[in-house]
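Engineer: Provide a 3D model corresponding to the input given below.
(3 chains)
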Amino acid sequence: MRQYIARRVLYMVPTLFAISLVAFLIIQLPPGNFLTSYIAQLSAQGQGVDGAQVRALEERYGLNDPVVVQYWRWISGILTSGDFGQSFEHRREVSDLIWDRIGLTLALAVSTLVLSWLIAFPIGVYSAVRQYSVGDYLVTFVGFVGLATPNFMLALLFAWVSFRYFGQSVGGIVSAEYADAAWNIGKLFDVVSNLWIPVLIIGTAGTAALIRVLRANLLDELRKPYVTTARAKGLPEWRLILKYPVRMSLSPFISTIGWILPTLVGGEVMVSIVLSLETTGPLLVSALQSQDMYLAGSFILVLGALTVIGTLLSDLLLAWWDPRIRHQHVERA
Amino acid sequence: MGLLPERSLPPEAATNEPDEIPGDVAQRVLIWRRFKRNKLAVFGALLLCGLVLISVFSEFLSPSTPYAYDAERTHAPPQRLHFVDTDDGFELGMYVYDYRVERDEETYANTYEVDESAKVPVGLFVQGQAYRMWGLFPMDRHLIGAKDPDTEVYFLGADRNGRDMASRIIHGTRVSMSIGLAGVALSFVLGVVLGGLSGYFGGRTDNYVQRVIEFLMSIPTIPLWMGLSAAVPRDWGAIQTYFAITVILSLIGWTDLARVVRGRFLSLRQEDFVTAARLDGCRTGRVIGRHMLPSFTSHIIASLTLAVPFMILAETSLSFLGLGLQQPVVSWGVLLQEAQNIHSISGAPWVLLPGVAVTVAVLVLNFVGDGIRDAADPYK
Amino acid sequence: MTEDVVLDIQNLRTHFVTDDAVVRAVDGVDLTVRRGRTLCVVGESGCGKSAMARSILRLVEPPGRVVGGRILLYPPADTTDTEPTDLASLHPTGKEIRSVRGRDVAMIFQEPMSSLSLVHTVGDQVGESLRVHTGISRRRAREYAVELLERVRVPGAERVVDSYPFQLSGGMRQRVMIAMALSCGPRVLIADEPTTALDVTTQAQILDLLADLRRDSGMGLLFITHDMGVVAEIADEVAVMYLGIVVEQGPVDEIFHDPQHPYTKALLEAVPRFGASEHDRLTTIRGTVPAPGTELPGCVFHPRCPEAVEGLCDTTTPKVTVPGPGREVRCLLREGTTDREESTDAR
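Structural biologist: As a prediction, the model looks like this:
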């Protein structure tokens, strides 16, 4: 077991490295750099920029160094002092900008994951055990629609309905009166009460996918011989279903966390933009649109790293849950 | 010992039946038979054919062109099509009611009211806005439209520039569906080649490809897509952007397909007929192409069908944010950019209609894909 | 003789109703399992022996269903209650059948790997029957499980009880299955091809074990197999099944030395024999079992029968004839050669 954890953690290192490369690539990819954008902006404002000043800035940010050196400077700054670079648009340290937002994104993603599980588990089990019942058809249909509707469409519809019928604009996780307040019970309660709608919207597609996965797995498992064995022992039907096939079908279900997390983070970004929540989404988009690349790259780096850690956690959870993985048993296919 | 006796039958039982042709053909026939039994899948397949026809004949099927605008008709509401005229007696014939337009002098917003006294006759194969069919043949006939060539009808309302939503959604179908297909075609090549290599050779190759797939799957796709598309230069033309976005979508989207192909290859590698082919001295390419691929074509088709909707959703999301396709290209996502503002949604809810088109298309493709998969593999 | 009967199956019929056809997997089977004796049901793949075995505990899954007949389970000899329970009349998921499963009638299956849950410990699964039927604690169940494992000669039972099935060999897994089935001291043990997936040495060990256990506990053993060698080793009585019906049954020696039905003869000839000349080809049975759902007029075996008589075997359904004490055969060619006939309502 310890060996397994060690190996999984070790596997993470190249992945994290690759993510940092991609994030850096995104920073480097657009033609020019933030300095050219800066100069362009200054010229637009009618301010002249003389060559010496540009060269001084280039020198300072090392923009003429080889890419490898630039990458090294960037990543070592992050690793040693948490310095993610400068946001050109906001004229602030990137690290000042992102952590609050990422915290909220994380809170949203995790609560969505938990909620999706709580909803998907009983429905998935029911729908498989009562295959082809009215309830199963209903769940399947709703699940299909949930999967097929883009998250942001749901958010738009929701915004429209609440504007039209309740006369209020939605948006904001933290209500105005708590905006500058320090964290306390009232603010926490306020955040929770504002959070559940985005959580529901972000969760739709994921929940639908989870239900489908669980239903398909469970249908497979229900036909396996060990279920008949358990039945032949005289176990009551529900007890045996919960103890054997459900337990088995949860293994792939747990491993879905690995891929559902990236989807949730993505969905969160889209929904937050529509509902203008103070999470990563809107800031990331505006950073990308204004080519504020250090800010954008840092977001992608941190979100990617968090997802990888989430996947690791789900793998460890799976190993704890499934003795076959714990004991390094590979089932012959 | 199987519970159902038919599963425990030896395989040669089928060859004893004189009316059952063994081999590839029978398999295909069987799949088709099972597919036909799935009502939802057949329904989906019919709708899909409809969507394809719409994409192919967009210009002719639109009542107008996607770019014809009318400042007098900004955010005009949808006009209901009437078939029977009961005003004086009973008369068959299609028509819509005209609007009474009032302009708010302060906000310049038009308010519309249905004017039941003014009828706009509607006909089939009418003359209207001039267009070039497939960008080649100049034409001006439209399947449906106002009989008077100088009048426009708005079955699905108009956008903020007074452009016909119906025509725009129909043209959007072509762009959105084709980007889905093109993206999947690219993913297909990547997925089959890499997944096939990984599964066929196994060992170290497999390990490397698996690491790459795991890595790509572990990154939140939407931020990554956003980052990459933001890097597409703004001054690129519509066609260039279109291809760039397609490439970006498929660069990330091939992983699922590769996993399916790899899994199949891994299990097929153990099969006796593959070993037999290899022992017979077939080259690797022939073993893969002639012996292995045909045995899971249907799975690949199913996976491909199921991958198209993801591409469509991704394109829609990106374009909605303004990071994907750009005006004047008309895709469902581009059209939905109009719906970003809560005031335009509340004033003109029909700007959300392209989203309905997305949902329908994705649903339909899912139905068909699931149907093919179930038909190809009834025991899975 | 009758007081020894623990399980009496009368005219059992189990059908699978699908969109295309009705598959009569079991179509009028009569069998009797006696205390302390082994009844072997033998036949090719697809002859309905598994479906028959599963029907007894009502484990046939939809679209399969027990559509007729009686499955009489007799109470233990030492109780005053002598009325048998008809398992065929019970609800397949009801409480009554559940109290029979694992306690009065237990079952072991062919694939010890897939028939055991891989994510639950051996002890958990072996002791589960006891916990369900007697409500003992988890701790007591584990102790019993160790005892049971020792009884089925699992070495290192104390260690095995806490391991997972995937850590055991095939033979060990089948022993675990047997321990599981024995846990409540059943009166009937149904073994559905328990040795098919095992290698020959292990197979012999398991057969010995089953024979010993049956002798010690006095339970009736219903043994399903397609292997005539296994039949010779373990059976007291043999029933030969073909296409959902029993074509011949009787004591094992008589079946082997004087087979009456052409199908039984063919099965026996298909067994490789020690000492046979290497130039002799192994006899096979012509053709294969017809596709399920095919309607055959006359005798079910006539398309493959070397002795079939045209105009008789393909038109008339054979009745049960009794060629000797304790023997039955269902063949038109044997009809009239014996003095006693029994009518049958199989179809």
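Engineer: Can you classify the closest residue to A:V274 other than its chain neighbours by secondary structure?
Structural biologist: Leaving aside its sequence neighbours, A:V274 sits nearest to A:A155 (CB to CB, 6 or more residues apart in numbering or on different chains; 4.0 Å). The way it works is simple: take the backbone N, C-alpha and C, and place the C-beta from them, glycine included. Look at A:A155: counting by DSSP: H, G, I helix; E, B strand; the rest coil, its state is helix.
Engineer: can you list contacts of stretch C:176-184?
Structural biologist: In this structure, residues lying in contact with stretch C:176-184 by CB atoms under 8 Å, 6 or more residues apart in numbering or on different chains are A:229, A:233, C:102-103, C:106-109, C:112, C:115-116, C:122, C:125-130, C:133-134, C:144-145, C:148-149, C:151-152, C:154, C:160, C:165, C:168, C:189, C:194, C:206, C:209-210, C:213, C:217.
Engineer: Alpha carbons of that stretch, as CSV, please.
Structural biologist: The C-alpha coordinates for stretch C:176-184 follow below in CSV (Å, rounded to 0.1, in the frame of the first residue of the first chain):
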residue,chain,number,x,y,z
VAL,C,176,-14.0,-22.0,-0.3
MET,C,177,-17.2,-22.4,-2.4
ILE,C,178,-17.9,-25.8,-0.9
ALA,C,179,-17.2,-24.6,2.7
MET,C,180,-19.7,-21.8,2.0
ALA,C,181,-22.3,-24.2,0.8
LEU,C,182,-21.8,-26.6,3.7
SER,C,183,-22.0,-23.8,6.4
CYS,C,184,-25.6,-24.5,7.4
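Engineer: Check the average confidence over that stretch, would you?
Structural biologist: For stretch C:176-184, mean pLDDT rounds to 89.
Engineer: B:Y67 against B:P328, yeah?
Structural biologist: Yes - with contact defined as CB atoms under 8 Å, B:Y67 reaches B:P328; the gap is 6.8 Å.
Engineer: So which of those two has more stuff around it?
Structural biologist: More crowded of B:Y67 and B:P328, by other CB atoms under 10 Å in any protein chain shown: B:Y67, with 15 against 9.
Engineer: who's in contact with residue 153?
Structural biologist: You didn't say which chain, so I picked chain A. By CB under 8 Å, 6+ apart, the contact list for A:M153 reads B:336, B:352, B:355, B:358-359.
Engineer: if you could check chain C rather than the one you did, that'd help
Structural biologist: C:R153 neighbours (CB under 8 Å, 6+ apart): C:175, C:209.
Engineer: Residue 39: neighbour count?
Structural biologist: You didn't pick a chain, so chain A it is. 16.
Engineer: nope, chain C please
Structural biologist: Neighbour count of C:L39, defined by other CB under 10 Å: 23.
Engineer: what's the next secondary structure element after the helix or strand encompassing it?
Structural biologist: Element membership for C:L39 (DSSP states H and E) is strand C:38-42. Counting by DSSP H and E, the next helix or strand C-terminal to strand C:38-42 is helix C:49-56.
Engineer: and that following helix, what does it pack onto?
Structural biologist: With contacts taken as 3 or more CB pairs under 8 Å, 6 or more residues apart in numbering or on different chains; DSSP states H and E, helix C:49-56 sits against strand C:5-17, strand C:22-34, strand C:38-42, strand C:64-73, strand C:188-192, strand C:220-225.
Engineer: Identify whichever of the ones you listed lies nearest to chain B.
Structural biologist: Chain B lies closest to strand C:22-34 among the helices and strands packed on helix C:49-56, at 5.4 Å (CB to the nearest CB).
Engineer: got the angle between that closest one and strand C:64-73?
Structural biologist: In terms of direction (axes from the mean of the first three to the mean of the last three CA atoms, to 10 degrees), strand C:22-34 departs from strand C:64-73 by 20 degrees.
Engineer: Quick check: buried residues in strand C:22-34?
Structural biologist: Using 16 or more other CB atoms under 10 Å in any protein chain shown as the burial criterion, the residues of strand C:22-34 that qualify are C:23-34.
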